[in-house]
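**Q** sequence and predicted model, in that order:
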Amino acid sequence: MALEFTDSNFQTEVLSSDKLSVIDFWAEWCGPCRAIGPVIEELSKDYAGKVNIGKVNVDHNPQLSVTYGITSIPAILFIKDGQVVDKQVGAAPRSVLEKKIQSNL
């Protein structure tokens, strides 16, 4: 199951992690966000223990959205060693996300 990242746990769970983190910035009212949700869940199961995969609800965690300049959702950030190494703005097929995960492992 995809993790839930928040303003309060992001530092510990993502920035301090030694694993690649894939963060889906989303909102309940966003149709494309809901469409990509099942893909994020599948990836979180497939990469369990290897990659931190989770979601940030932009309505509940506005500070993270500001920090990372999220202006359009869904926006998926790939963070490794505390740095954004890749990103995907807008819904994308699983193959695109998987390629980005593989190239940053």
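**A** Noted; the coordinates are in hand.
**Q** low-confidence ranges in this structure?
**A** Scanning the chain for pLDDT under 70 picks out nothing.
**Q** ranges for the helices of it?
**A** Here the chain has its helices, by DSSP state H, at 10, 31-46, 62-67, 94-104.
**Q** redo those as TSV? Include mean neighbour count and distance to residue 17.
**A** (Glycine included, C-beta is placed from N, CA and C.) Shown next, in TSV, are these (neighbours: other CB atoms under 10 Å; distance: least, CB to CB, whole Å):
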stretch	mean neighbour count	distance to residue 17
helix 10	21	10
helix 31-46	16	14
helix 62-67	14	15
helix 94-104	14	13
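**Q** now distance to residue 75 too, for these, in TSV please.
**A** As requested, those are exported to TSV (distance: least, CB to CB, whole Å):
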stretch	distance to residue 75
helix 10	15
helix 31-46	9
helix 62-67	9
helix 94-104	12
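**Q** and of those, who's closest to residue 52?
**A** Of all the helices of the chain, helix 31-46 sits nearest to residue 52, with 8.7 Å by CB to CB.
**Q** packing partners of that closest one?
**A** If you count contacts as 3 or more CB pairs under 8 Å, 6 or more residues apart in numbering; DSSP states H and E, helix 31-46 packs onto strand 20-26, strand 51-57, helix 94-104.
**Q** how far off strand 51-57 does the last one point, in degrees?
**A** Looking back up the chat, that one is helix 94-104. Inter-element angle recorded for helix 94-104 and strand 51-57: 120 degrees (by axes from the mean of the first three to the mean of the last three CA atoms, to 10 degrees).
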